[in-house]
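Enquirer: From the sequence below, what's the structure:
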Amino acid sequence: MRAPGRADVPAVPPGPPPAPPGRRRLAELTGSWRAALRIARRESRRARRRTALVLAMIALPVLVLTFLAVSYDMAELTPQERIDRRLGVADAELRWITDTPIAQDEWGDSWYASEGDHASGRRTATTSEVAALLRPGSRVTEVRDTVTLSVHGPHRDEDLEGRVLDLTDPLARGLVRFQAGRAPRQPGEVAVSPAALRRLDLHLGAAVATADGTRVYTVVGVVEFPDNLGPVVALHPAAVPRADPEPPGTWLVDVPGTVDAAVVSRLNERGVLVAPRHPTGPSTQPSRGWLGVVGPNDAAELSTGVLIAGLGLLEVVLLVGPAFAVGVRRRRRDLALVAVAGGDAAQLRRVVLADGVVLGVLGAAAGLLLGVGAAFAGRPLVEQYVFGARFGGYRCWPSALVLLGGVAVLAGVLAALAPAWTAARQDVIAGLAGRRTPPRSPTRWLVLGLTLVVGGAALAALGATQTSPAVILTGLILGELGLVCCTPTLIGALARLGRVLPLAPRIALRDASRNRAAAAPAICAVMAAVASSVALGGYLASDGVRDARAYQPMLPTGHVLVNPAGPAQRPGPTLAQVTTAARAHLGADAVAPVQAAACTTTTPGGYCSVAPELPPGRACPWQPGDSLSDAERRQARADPRCVVRGVDYYGTWVRTLVDDGSALPLLTGADPAATDAATEVLRAGGAVVTDPRYLHDGRITVQVHRVETESAGPVVTTRELPGYALPPTVGEPSLLLSATAARQLGLSWSPTGWVVSTPAPPDVRRQERFTAALQSFGAFSLSVEQGAAPRDNSPLLLLLAAAAGLITVGAAGIATALTAAEGRAELSTLAAVGAAPGVRRLLAICQAGVIAGLGSVLGIVAGLGTAAIVLFSVNRQYATGWPLREPYPFLMPWPALGVLVVVPVVAMLGAGLFTRARLPIERRLD
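Expert: Next up is the predicted model:
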């Protein structure tokens, strides 16, 4: 029986149980992103020009960084590549460095004495002695240290690196790559590198003479040293006599079997350092650290690099952001239809963010592929002209490429973030009707921006007082982000003020206000670039002037100090010969010999020094390196005894010379009256000092400290000499003794060079002619006093300004083009009401002027403010420190400012040049 009142209901088969809520949400999210990515892919195909623009801006920095990363990875040799280049075809490299047992690392790069604290010395060993330490049947060849070879070039004498090795031996031949000719077989033959061949304008069979004319070599081969692609000369061992003493030699060996741990241990017992082809113990090489570059102790450098990369990422985001903003406005109706179909705010954001994901992935892929290809293709040029050495294997540093690709995708997503947020909050009805939504600039963004500006400035000032680049950069980033938040409000205020302007600039300001999502990032991109350029330029200009003010010359301006370079191997020139050469090639007024005083000890290991003694009441109680409290620093700053010159900050060393008054005016620049008085004192057997603190009661106390052995105490000889103190002069602190005073102190003296007085600092060409005139007496080094002059930072300032200008022009061009594409309907309306054809071009000029001009003005103000904060903070720290330091002056970087003032004009002219004057006319406006 059926129950009354109930109908027959067919049975429903049981279905699958509902999915858990978490899995259902994940499926919805996955489906939403899949649809958003498909929409983004379709949109990238529809707007090809905008897509190409975004891809170029994302891919270009990725390409450059990929090129640098791949080139660096190929240039950084692995331990096995380094040892292969070091050994050639040999089994090991030996260096006999001591006669006591040593211990070494696995690759033979470092060693230490295994018995005692110190290793004994080692006389120069011979090849036969080294061969006697190895197994029978071993082959040995010696590779001596590099030497400097001065030869005659086509225009002047050239200093080349000379490598002494026997290239006829197969073991040494493996160190080079022969390109032409043969190996040198006798002392008069050489093989040169291609770079030396080009520099000296030589060919096979040509003769090359040394600078002193004592030897002539014949070029018989062209070889390349993989570790040095510069000008190198391979010399036969018999062509270079052995020095005495000579540093420990190096031998390449080929042994029967392998160089195992037992062989290394046996050679280490004899004091021989072994570099085997294959490591013989556990690896002790330090890891390459995070991403293969930064080790655990490089946190400061890492943080600074990350912040600089963050500034670059912010610049890319600001440049790419306007393109996404314009894309969102052109798709208002499509996004409104998604909302009508049931899409919520999160789904609308995903649709726009998917544009950033798709374009970021495409830009990253293009940049990585082009960067790797450019690094591989340009490898020979980078090897030759940048690193000067051959790279290792072809590598592409996968971890760095993954990071760069991720950063590129992140840049795309961040650039689309603000437009996505705007799209999710748009009025659906206005979007369906094609109406603009009035821009809103909430007060909270202005408050947040001002807070970030103030906080960033305070943080940058704190970093300046602590000399922390990472903190300074963090403050700059926060300040720029604050200005980014304030820019939309500023644009709205300027648009309201533009009502009194003519038609074209009024429309340009109105469009910038309406399209703040596109105009604000472009203005901020210009501002960030200009601010960085101006801030760095201001610091460089101030630093250059500060260094010039704190500069302590060693000689009067234009004077030259001539010293022999290297040990004397032949009699030196006389004073007359030096004077003749100096007057002929340097335009010298006077030349005087410089004679240094020296004291000797009776034991070889003894020590001796000569110095004037400072009277007790004139010595500063504190030393510059002492750690002083705040109260002690204030006392030191107020104590006149502690007001020392900059040259005294690093010690109280005083140069001691023997002179009769001839070199005194050339070394110090003293006036004639002071020179005459000092010369009389020297002729009377006295002494002269350039620091008046050492003179007391017309006398100078000179001390001679002798330490014969470590166990014995110092023997101090003190003598009071008639003295004279020169008025303030240039040059390092000096004590000039007469010959009589030097004999009384038991000192000897010998000529160490000559000082030459010239009316103006001689240029490099005149210096080369002077040294060439004396080359028959050996090599000489010249120290020319150029005087205190600010460093010329103009090239660097102009480079920074040019980089900022390029970004300014690019940002203005991008924003103007996007605004023109967006306002095509309004241009058609202008044409319909009878506007002249030049209105469109004038409008483009004004739009570019708004972007470039406003961004440059904000950037200059922000940059000058940043530089002022940093310099003020550093000077405030100097104001309470001791010793006294020269403060940083605040200077305008006029070269950079001049370029940056012209850049907006260039951007406006470019916009007018590349804009068609003809207004578009359409029959139907959508």
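Enquirer: To what extent is residue 579 buried, counted in neighbours?
Expert: Counted by other C-beta atoms under 10 Å, the residues lying close to residue 579 total 17. (Glycine included, C-beta is placed from N, CA and C.)
Enquirer: Which helix runs longest in the chain?
Expert: Longest helix in the chain by number of residues (criterion: DSSP state H): helix 838-879.
Enquirer: quick one, the helix or strand following it and helix 838-879 angle?
Expert: Sequence order places helix 894-913 as the next helix or strand after helix 838-879, per DSSP states H and E. Computed by axes from the mean of the first three to the mean of the last three C-alpha atoms, to 10 degrees, the angle separating helix 894-913 from helix 838-879 equals 160 degrees.
Enquirer: would you list every one of the strands in the stretch 601-750 of the chain?
Expert: 607-612, 655-658, 687-689, 695-696, 699-707, 715-725, 734-737, 748-757 (DSSP state E, counting those that start in this stretch).
Enquirer: May I have the strands that pair with the fourth one, each with its orientation?
Expert: Okay, so that is strand 695-696. Partners of strand 695-696 in the sheet, by DSSP bridges, are strand 699-707 (antiparallel).
Enquirer: Give the buried residues for the partner strand.
Expert: Burial within strand 699-707, assessed by neighbour count using 16 or more other C-beta atoms under 10 Å, is assigned to 699, 700, 701, 702, 704, 706, 707.
Enquirer: Could you do stretch 400-414 as well?
Expert: 400, 401, 404, 405, 407, 408, 409, 410, 411, 412, 413, 414.
Enquirer: so residue 571 sits in a strand?
Expert: No: applying DSSP: H, G, I helix; E, B strand; the rest coil, one finds residue 571 to be coil, outside a strand.
Enquirer: quick check: domain ranges of this protein?
Expert: Following automatic domain parsing, one gets these domains for the chain: 40-67+300-437, 148-166+178-243, 455-551+789-926, 560-617+634-784.
Enquirer: Save those as a markdown table, and put in distance to residue 101 and mean pLDDT too.
Expert: Listed next are the domains of the chain as a markdown table, based on distance: least, C-beta to C-beta, whole Å; pLDDT from 0 to 100:
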| stretch | distance to residue 101 | mean pLDDT |
| --- | --- | --- |
| domain 40-67+300-437 | 34 | 80 |
| domain 148-166+178-243 | 27 | 86 |
| domain 455-551+789-926 | 46 | 76 |
| domain 560-617+634-784 | 25 | 81 |
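Enquirer: Now distance to residue 129 too, for these, in JSON lines please.
Expert: Converted to JSON lines, the domains of the chain look like this (distance: least, C-beta to C-beta, whole Å):
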{"stretch": "domain 40-67+300-437", "distance to residue 129": "33"}
{"stretch": "domain 148-166+178-243", "distance to residue 129": "15"}
{"stretch": "domain 455-551+789-926", "distance to residue 129": "53"}
{"stretch": "domain 560-617+634-784", "distance to residue 129": "27"}
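Enquirer: Ok, which of those domains comes nearest residue 272?
Expert: Nearest to residue 272, of all the domains of the chain, is domain 148-166+178-243, at 19.4 Å by C-beta to C-beta.
Enquirer: returning to that earlier point: of the buried residues of strand 699-707, which is the nearest to residue 149?
Expert: For these, the nearest to residue 149 is residue 707 (40.5 Å; C-beta to C-beta).
Enquirer: The closest one against residue 607, yeah?
Expert: Yes: if you go by C-beta atoms under 8 Å, residue 707 and residue 607 touch, sitting 4.4 Å apart.
Enquirer: hang on, the earlier thing: adding distance to residue 112, write the strands of the stretch 601-750 of the chain out as JSON lines.
Expert: What follows is the strands of the stretch 601-750 of the chain, written out as JSON lines (distance: least, C-beta to C-beta, whole Å):
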{"stretch": "strand 607-612", "distance to residue 112": "27"}
{"stretch": "strand 655-658", "distance to residue 112": "38"}
{"stretch": "strand 687-689", "distance to residue 112": "46"}
{"stretch": "strand 695-696", "distance to residue 112": "51"}
{"stretch": "strand 699-707", "distance to residue 112": "29"}
{"stretch": "strand 715-725", "distance to residue 112": "36"}
{"stretch": "strand 734-737", "distance to residue 112": "42"}
{"stretch": "strand 748-757", "distance to residue 112": "37"}
